[in-house]
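Asks: The sequence and its predicted three-dimensional model are supplied below.
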Amino acid sequence: MSSRYAKVSLTLPSPLLERIRGRVGTRGVSRYVAQALEAEERREALRAWLADQDAEHGPVPAETI
């Protein structure tokens, strides 16, 4: 994570926020959310790369999977 931060406001479902606070405490929510967003960015990048590979080379044959 970058050493530069910006403050944002998020609206989350209360039950979700309470579960997160239960895991990480009140002061750990920002780090938890940042890590979750970074993980989602990596998943999106992987999905895009896989789609590009499918477009270029065709899908992986079922028997290979």
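Replies: Everything's here; your move.
Asks: Sticking with the residue nearest the centre of the chain, tell me its helix or strand.
Replies: The chain has Glu40 as the residue nearest its centroid, 1.9 Å off, counting by Cα atoms, centre = their mean. Taking DSSP states H and E as the criterion, the element that holds Glu40 is helix 29-57.
Asks: Can you give me the buried ones in that helix?
Replies: Counting neighbours by 16 or more other Cβ atoms under 10 Å, one finds that the buried residues in helix 29-57 are Val29, Val33. Yep, even glycine has a C-beta here, placed from its N, CA and C like the rest.
Asks: helices or strands up against it?
Replies: Applying 3 or more Cβ pairs under 8 Å, 6 or more residues apart in numbering; DSSP states H and E, one finds that helix 29-57 makes contact with helix 14-24.
Asks: Assign Ala62 to helix, strand or coil.
Replies: Classification of Ala62 by DSSP: H, G, I helix; E, B strand; the rest coil places it in coil.
Asks: Neighbours of Val8, how many?
Replies: Val8 is surrounded by 7 other residues when neighbours are defined as other Cβ atoms under 10 Å.
Asks: what about stretch 23-30, start to end distance?
Replies: When the termini of stretch 23-30 are compared using Cα to Cα, to the nearest Å, they are 13 Å apart.
Asks: How far off centre is that stretch?
Replies: 17 Å (Cα atoms, centre = their mean, to the nearest Å).
Asks: contacts for it?
Replies: Counting by Cβ atoms under 8 Å, 6 or more residues apart in numbering, the neighbours of stretch 23-30 from elsewhere in the structure are Leu17, Ile20, Arg21, Arg31, Tyr32.
Asks: What is the nearest of these to Leu50?
Replies: Looking at these and their distance to Leu50, the nearest is Tyr32, at 27.0 Å (Cβ to Cβ).
Asks: Pull up the gap between Asp52 and Glu41, please.
Replies: Look at Asp52 and Glu41: by Cβ to Cβ, to the nearest Å, they are 17 Å apart.
Asks: same deal with Leu12?
Replies: Look at Leu12 and Glu41: by Cβ to Cβ, they are 19 Å apart.
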